[in-house]
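K.L.:
here is a sequence together with a model predicted from it:
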Amino acid sequence: MRITISKTKQETGRAAAREGAYLIRRAIDTSGVANIVVATGLGQIDMYEALLREPGIDWTRVVGFHLDEYVGLPPSHPASFRYYLAERFVSKVSLRAFHYVDGNASLVEECRRLNQLILSHPIDVAFIGIGENGHLAFNDPPADFDTNEPFIVVQMDNACRQQQVNEGWFRHLDEVPTRAISMSISQIMASRSIVCTTPDARKAAAVHNALNGPVTPTVPASILQQHVDATIHLDRFSAGLLSVVNLWTVETAASRQGAVFQL
């Protein structure tokens, strides 16, 4: 696991996009196709804007998977992750395929469909973030570290649901769905590389607990400590509570070298 720190969240997004673009190009060069997973949320917006500007990506050789989706929220709802991804990413590029999570379908059948699809598309790059309660995707604490099912139905805790209100996706807590279809922890960790973009001071406690504490289901993102090729891209605000010494920023995506950023 590596950690990068940038001065602003915009620079954090650009650093994550540079690394992600390098990894996508590498997968295409190696196997002719890149399979990616994409997340949503405020912290990902700058990354997507920067990723779309990255040169040399043949998007027709990229297959995308959707990380998670609310149960029961129609795709026309502005808070729907299908709406978010269609507007900010999928409609902007000519992907070979993109597999949305349908939270309005039969939950059993939708998980079965997605599980079959992803088994034939090993993930090269997972673009993810860390939630305010330490979640990965919608795997809220205590997360299931043991299931081998790629996609699962999960209950959303109130801290996670309140984050959606605070970010402006919903007006009131009672509008936020209580269940979601989520990529599981084991499936996220099966990704060849992970690019985790997590800016903003409101994430500082979660980042500290995930990166400086023990690996535990009560802090789902702590599992990233065990991934062999994960980079956590932070800004100086989300990194404000860290007490680690291996803090560096990406200078060149191709070499993935970096220099220490002094706060």
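P.N.:
Sure thing, it's come through. Numbering: from 1, shown residues only.
K.L.:
can you name every helix or strand that the top helix by length along the chain contacts?
P.N.:
In the chain, ranked by residue count with DSSP state H as the criterion, the top helix is helix 9-31. Counting contacts by 3 or more C-beta pairs under 8 Å, 6 or more residues apart in numbering; DSSP states H and E, helix 9-31 is packed against strand 2-6, strand 34-38, helix 45-53, strand 125-128, strand 193-197, strand 230-235, strand 249-252. Just so you know, the C-beta spots here come from the backbone N, C-alpha and C atoms, and that holds for glycine as well.
K.L.:
mean confidence for the third one?
P.N.:
Helix 45-53 shows a mean pLDDT of 97.
K.L.:
okay, buried residues for it please.
P.N.:
If you call a residue buried by 16 or more other C-beta atoms under 10 Å, then helix 45-53 has these buried ones: 45-51.
K.L.:
now the helices for this protein?
P.N.:
Under DSSP H, the chain gives helices at 9-31, 45-53, 81-88, 107-119, 158-166, 185-189, 204-212.
K.L.:
pull the residues that contact the shortest one.
P.N.:
With C-beta atoms under 8 Å, 6 or more residues apart in numbering as the test, helix 185-189 has contacts from 37, 118, 123, 126, 128, 136-137, 139, 143-151, 194, 220, 223, 226-227.
K.L.:
buried residues, the longest helix of the chain. List them.
P.N.:
Taking 16+ other C-beta under 10 Å as the criterion, helix 9-31 shows 9-28 as buried.
K.L.:
thinking again about what came up before, list just the nearest of the buried residues of helix 45-53 to Arg171.
P.N.:
Among these, Ile45 lies closest to Arg171 (C-beta to C-beta), at 20.4 Å.
K.L.:
nearest residue to the closest one in space, please, no chain neighbours.
P.N.:
Nearest residue to Ile45, sequence neighbours excluded (C-beta to C-beta, 6 or more residues apart in numbering): Arg88, at 6.7 Å.
K.L.:
do I have it right that the one you found meets Tyr48?
P.N.:
Yes: under the contact definition of C-beta atoms under 8 Å, Arg88 touches Tyr48, with a separation of 5.3 Å.
K.L.:
what about the helices of the chain, which gets the closest to Tyr100?
P.N.:
helix 81-88 (5.1 Å).
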